[in-house]
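Student: coords please:
(one chain, ligands or ions: 2)
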Amino acid sequence: MINDKQIIFSGIQPSGDSVTLGNYLGAIKHWTKLQDEYNCIFSVVDMHAITVRQEAAALRKNTLSLLAQYIACGIESEKNILFIQSHVSAHAELAWILNCYTQMGELNRMTQFKDKSKKHPENINAGLFTYPVLMAADILLYQTDLVPVGVDQKQHLELARDIAHRFNSIYGDVFTIPEAYIPEKGAGAKIMSLQNPTAKMSKSDPNPNACISLLDKPEDIVRKIKRAVTDSEAEVCYREGKDGVNNLLTIYSSVTGISIDDAVKEFSGSGYGDFKLRVGEAVAEHLIPIQKKYDDLMKNKDYLESIYKNGAEVASSVARRTINKVKKKVGFIVG
Ligand code: ATP
Ligand code: LTN
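Tutor: Ligands and ions are numbered 1, 2, ... in the order given. You can find the predicted model right below:
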């Protein structure tokens, strides 16, 4: 890259029609704060999405929609490289090579693979198993320094580091060793399901009341938060064992910028009904301008196309340097 800022890479799968409040607070919102200080590369990782069966037309629609959601949340196309993963073929090329430098035993330990296999017992495909290797390729192709992700991705990132170390120890310094950049506890690190606050909020959750989507209508947001599972104590405080209330306090703190301690003071003496209503309203209010921007962007498909085409061109030229070096190192004849 042309300047000496550190490189950041991250991505989200277009595996649903909208990102969740978890994706937003755990990932995208943090990205917006990094765009001035770092060279940021943000990808819509459609190749990861097909590890779970997707309907083709829906995947196309969701991929474009996710790009618009990135921009609507404040990721500026002028400051960052925004692109669609399948547009840069070096991701698939490097993933194959790195597959040959990754052990079955390492992949067997991945908890996301175990969880997703349980969720989709009818389709435990090899791509689901080697998913973390494609993720490692995404990161290592750009000589990434930092990877901002939710805490659920920490294990994948550690594997990417292990693969990079292994490759470097054989061939010399080919890859930069990436570091995870994970938000602190309480700052949206892990937003939990509204219906089962011990499980993470996930866009592929079949229960629509478990998760808030970035594009949900304000009245739906308020309704879902009103129905959120809490406990029978009726005391708004942040304490171990109060997973439902802790989650709502985290959400409230993340959208308003008020610290959790101050939020607890604000709600002291409030009943859960009042507390949930105010959290719901705060979330809805925060999302309204994002939704408005999203609607405008989706009316301008040419603009979105110009962004992803330009992004793919720039990303390809950066990725090409790494993939050529890797090919030479492993002994391919580079034409
Ligand atoms: P899926 O349900 O399809 O597995 P997902 O909702 O878990 O998807 P990903 O595309 O896997 O979302 O994740 C995108 C980013 O959002 C990652 O950085 C991940 O760490 C973060 N993220 C996902 N869910 C949450 C959550 N509940 N809380 C905080 N961060 C999250
Ligand atoms: N595996 C991630 C999405 C993802 C990613 C990446 C994140 C794919 N490639 C590279 C950071 C860097 C997920 O499920 N959230």
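
Student: neighbours around Ala312, how many?
Tutor: Burial measure for Ala312: 21 neighbouring residues, criterion other Cβ atoms under 10 Å. (Each C-beta comes from the backbone N, C-alpha and C, glycine too.)

Student: and it, what helix or strand is that in?
Tutor: Counting by DSSP states H and E, the element that carries Ala312 is helix 301-330.

Student: and Ala263, by the same measure?
Tutor: With the criterion set as DSSP H and E, the secondary-structure element containing Ala263 is helix 260-266.

Student: other SSEs contacting that helix?
Tutor: helix 243-256 (3 or more Cβ pairs under 8 Å, 6 or more residues apart in numbering; DSSP states H and E).

Student: could you dump the helix it packs on to CSV, C-alpha only?
Tutor: In CSV, the C-alpha atoms belonging to helix 243-256 read as follows (Å, rounded to 0.1, in the frame of the first residue of the first chain):
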residue,chain,number,x,y,z
ASP,A,243,-27.5,-12.9,31.1
GLY,A,244,-30.7,-11.4,29.7
VAL,A,245,-30.4,-8.1,31.6
ASN,A,246,-26.6,-8.0,31.0
ASN,A,247,-27.3,-8.3,27.3
LEU,A,248,-29.9,-5.5,27.2
LEU,A,249,-27.6,-3.3,29.2
THR,A,250,-24.7,-4.0,26.8
ILE,A,251,-27.0,-3.2,23.8
TYR,A,252,-28.2,0.0,25.5
SER,A,253,-24.7,1.1,26.3
SER,A,254,-23.4,0.4,22.8
VAL,A,255,-26.2,2.4,21.0
THR,A,256,-26.2,5.3,23.4
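
Student: touching ligand 1 at all, that helix?
Tutor: No. For helix 243-256, no contact with ligand 1 is found by Cβ under 6 Å from any ligand atom; the gap never falls below 9.2 Å.

Student: helices and strands around that helix, which ones?
Tutor: Helices and strands touching helix 243-256, by 3+ Cβ pairs under 8 Å, 6+ apart, are helix 260-266, helix 272-298.

Student: could you redo the last one with a cut-off of 10 Å?
Tutor: Under the contact criterion of 3 or more Cβ pairs under 10 Å, 6 or more residues apart in numbering; DSSP states H and E, helix 243-256 touches helix 21-23, helix 29-34, helix 218-226, helix 260-266, helix 272-298.

Student: among the ones you listed, show me which one is buried the most.
Tutor: The highest mean neighbour count among the helices and strands packed on helix 243-256, using mean count of other Cβ atoms under 10 Å, belongs to helix 21-23: a mean of 25.

Student: so how far is stretch 211-223 from its chain's centroid?
Tutor: Mean-position distance between stretch 211-223 and its chain equals 19 Å (Cα atoms, centre = their mean, to the nearest Å).

Student: same thing with stretch 135-152?
Tutor: Averaging C-alpha positions (Cα atoms, centre = their mean) puts stretch 135-152 11 Å from its chain's average.

Student: what's the answer for stretch 214-228, then?
Tutor: Relative to its parent chain, stretch 214-228 has a centroid offset of 21 Å by Cα atoms, centre = their mean.

Student: cool, and stretch 133-148?
Tutor: For stretch 133-148, the distance to the chain centre is 13 Å (Cα atoms, centre = their mean).
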